[in-house]
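K.L.:
Pasted the sequence and its predicted model underneath.
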Amino acid sequence: MEVEQVASDSENVAVDGPEKPVDGAGDAATPHSERLRRKNKKFLRTNSKEKETVAAAPTPLPKYRSWKNSRRPRNGHGRGLPKKGGAGGKGVWGIPGSELLEELEEDANDPNYDPEAAGGDLELKQLILEADAEEIVRKSESVILEYFEHGDTGAAAEEFLEFVTSSRSHVICETIVEVALDHKPSHCEMASVLISDLYGRVFTAKDIALAFENLLDRLPDLVLDTPEAPTLVANFIARCVADDCLPPRFVQRTDYANDYARQAIHRAETLLSMKQGLVRLDNIWGVGGGIRPVKSLIRQIQLLLKEYLTSGDLAEAARCVRGLETPHFHHELVYETILLAIETINSSVEEQLCTFLAELRRSLAVSPEQMDRGFLRVLEDMSDIVLDVPLAYIMLDRFVDKCTRRFRLGDHVLKRMPTRGRKRFVSEGDGGAIKDHALKLRE
């Protein structure tokens, strides 16, 4: 009976399948077909219409662990900016120029790190910053020169904002003043207006102060190219204080290393402390070009000619003509010169004024059109001039003859020259010849 029961139990074991291996036997005791079935077993998705499976609820984490690895802002809304300004994180390029900074930075834990050679990195960084400043100066110069042509401060500000950074704004102000030092007073006036309009938009009062501090420190070098640099820089400083771009305490500093800087600061303080100084500083560069009234220009031309006849300095007279900055009004200069030659009735004065016109014509300070127009204006007014100067026609004929020997006049001017008519001192038998003793010239 016991034998039959043992046999039936062995048959049941054989029918149920192979015996599971004991712990520790591993996959070596598992048949090959069973391992394949386990490997190829797949979990099929169930349709929404089929039997739905209920997933077990996850175990809630503690409150402090739910925010441990969260990238969301703690305040709930954040600033709306990329993480680290776009300079950090996975798969980003970093800030512009970061590859240079990474090459310059050294790890103190690096076995090859040399503390003594670490100062060389600072020098290389300084060279990179200087190269950046030179690039800003190069771009700024072209914008400033273009501004001197059109005078639009808004367009200049937009061009500056395209390449300037907040840390380099003082370089633009420094470049504006430095470029204006080599130009005319009217350009200095435009530079002062540009600094005033860019204040608060491109640079701040601190940037302007830093720019003038650098200029004052560099005055010994600027004087080599522009001898009047201390005076011009002082005018710029005083004008900026008057325009509320610089604080008045800026001119109270006297601890500069060079004498030129102390001289400029002293002049700026004097300009600001004089009576009604802030009002006068509006015209510190003068009123230039066609902005001046016509009567003022005529008065300056007359003073220029009288000073030239007194001193005889032809180069200074030509410089004063260029300083008028009125090329469209040079015909008035020619008109006043011819009129002065007619009224003086002096051959030496005629020769001096003829030399003056010849130099202006040779150096192209006065264009041929303006020269011819001045002569034509005299011919048109001869009927009035002869009332004051009876010998006007004779003096004009002699002066024009001297001028034609020095430079060329237009054919239309020579054709309109009046023919020498009969005068009371010309007799019938002289054939129209003029007697020299009748001129009664004051030699």
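P.N.:
Structure's in. What do you need? Numbering: from 1, shown residues only.
K.L.:
Could you list the low-confidence segments of this structure?
P.N.:
The chain contains residues with pLDDT under 70 at 1-132, 276-277, 287-292, 419-443.
K.L.:
again, only using 80
P.N.:
Applying pLDDT under 80 to the chain flags residues 1-133, 164-168, 254, 275-280, 282-283, 286-293, 296, 323, 325, 418-443.
K.L.:
domain parsing for it?
P.N.:
What automatic domain parsing lists as the domains of the chain is 122-283, 289-438.
K.L.:
Which SSE is immediately downstream of the helix or strand hosting residue 232?
P.N.:
Element membership for residue 232 (DSSP states H and E) is helix 229-242. Using DSSP H and E, the helix or strand that follows helix 229-242 in sequence is helix 259-273.
K.L.:
Contacts for that next one, please.
P.N.:
With contacts defined as CB atoms under 8 Å, 6 or more residues apart in numbering, helix 259-273 is touched by 216-217, 219-220, 223, 229-231, 233-235, 237-238, 241-242, 248, 251-254, 256, 277-278, 280-281, 284. To be clear about C-beta, it is placed using only N, CA and C from the backbone, and glycine gets the same treatment.
K.L.:
So which bits of the helix holding residue 232 are buried?
P.N.:
Buried residues in helix 229-242, counted by 16 or more other CB atoms under 10 Å: 229-230, 232-242.
K.L.:
before we move on, what about stretch 139-146?
P.N.:
139-140, 143-144.
K.L.:
Tell me which of the domains of the chain sits most buried.
P.N.:
The highest mean neighbour count among the domains of the chain, using mean count of other CB atoms under 10 Å, belongs to domain 122-283: a mean of 17.
K.L.:
how about the strands in the stretch 101-250 of the chain?
P.N.:
Using DSSP state E, counting those that start in this stretch, the stretch 101-250 of the chain contains no strands.
K.L.:
thought residue 207 was touching residue 174?
P.N.:
No. Using CB atoms under 8 Å, residue 207 is not in contact with residue 174; the gap is 9.1 Å.
K.L.:
The closest residue to residue 248 other than its chain neighbours and residue 216, how far apart?
P.N.:
Once flanking residues are discounted, residue 248 sits nearest to residue 241: 5.7 Å by CB to CB, 6 or more residues apart in numbering. For residue 241, the distance to residue 216 equals 14 Å [CB to CB, to the nearest Å].
K.L.:
same check, this time on residue 381
P.N.:
53 Å.
K.L.:
just residue 248 next, same as before
P.N.:
Counting by CB to CB - residue 248 and residue 216 are separated by 17 Å.
K.L.:
do the same with residue 342
P.N.:
Applying CB to CB to residue 342 and residue 216 gives a distance of 53 Å.
K.L.:
cool, residue 189 as well?
P.N.:
21 Å.
K.L.:
And for residue 202?
P.N.:
In terms of CB to CB, residue 202 sits 21 Å off from residue 216.
K.L.:
Check residue 341 too.
P.N.:
49 Å.
K.L.:
Could you pull up the residues touching residue 187?
P.N.:
148, 180.
K.L.:
Now residue 172: closest residue in space that isn't a chain neighbour?
P.N.:
residue 140 (5.2 Å).
K.L.:
residue contacts, that neighbour?
P.N.:
Counted by CB under 8 Å, 6+ apart, residue 140 has contacts 160, 171-172, 175-176.
K.L.:
go on, residue 179?
P.N.:
Here residue 179 is in contact with 141, 144-145, 191 (criterion: CB under 8 Å, 6+ apart).
K.L.:
try residue 368
P.N.:
With CB under 8 Å, 6+ apart, residue 368 has these contacts: 361, 410.
K.L.:
Contacts only, for residue 386.
P.N.:
392-393.
K.L.:
three-state assignment of it?
P.N.:
In three-state terms, and counting by DSSP: H, G, I helix; E, B strand; the rest coil, residue 386 is helix.
K.L.:
what's the spacing between it and residue 392?
P.N.:
Here the criterion is CB to CB. By it, residue 386 lies 4 Å from residue 392.
K.L.:
One more: residue 226?
P.N.:
46 Å.
K.L.:
Against residue 177, how distant is the nearest residue to residue 217 once chain neighbours are set aside?
P.N.:
Spatially, and ignoring its direct neighbours in sequence, residue 217 is nearest to residue 261 (6.8 Å; CB to CB, 6+ apart). Distance, residue 261 to residue 177, by CB to CB: 14 Å.
K.L.:
Equivalent analysis for residue 151, please.
P.N.:
Taken as CB to CB, the span from residue 151 to residue 177 is 17 Å.
K.L.:
before we move on, what about residue 192?
P.N.:
For residue 192, the distance to residue 177 - CB to CB - is 9 Å.
K.L.:
cool, residue 285 as well?
P.N.:
Relative to residue 177, and taking CB to CB, residue 285 is found at 13 Å.
K.L.:
Repeat that for residue 385.
P.N.:
48 Å.
K.L.:
now residue 338, nearest residue through space, not along the chain?
P.N.:
Residue 338 sits nearest to residue 378 (CB to CB, 6+ apart), 4.8 Å away.
K.L.:
which SSE is the one you found in?
P.N.:
helix 368-380.
K.L.:
now could you export just the CA positions of that helix as PDB?
P.N.:
In PDB, the C-alpha atoms belonging to helix 368-380 read as follows (Å, rounded to 0.1, in the frame of the first residue of the first chain):
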ATOM      1  CA  PRO A 368      36.500 130.300 -58.400                       C
ATOM      2  CA  GLU A 369      32.700 130.800 -58.400                       C
ATOM      3  CA  GLN A 370      32.800 132.800 -55.200                       C
ATOM      4  CA  MET A 371      35.800 134.800 -56.500                       C
ATOM      5  CA  ASP A 372      34.000 135.700 -59.800                       C
ATOM      6  CA  ARG A 373      30.700 136.500 -57.900                       C
ATOM      7  CA  GLY A 374      32.500 139.000 -55.700                       C
ATOM      8  CA  PHE A 375      33.900 140.800 -58.700                       C
ATOM      9  CA  LEU A 376      30.500 140.900 -60.400                       C
ATOM     10  CA  ARG A 377      28.900 142.400 -57.200                       C
ATOM     11  CA  VAL A 378      31.400 145.200 -57.300                       C
ATOM     12  CA  LEU A 379      30.600 145.900 -61.000                       C
ATOM     13  CA  GLU A 380      26.900 146.000 -60.200                       C
END
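K.L.:
Offset the numbering so it begins at 515, please.
P.N.:
Fine by me, first position is 515 from now on; the one you just mentioned is helix 882-894.
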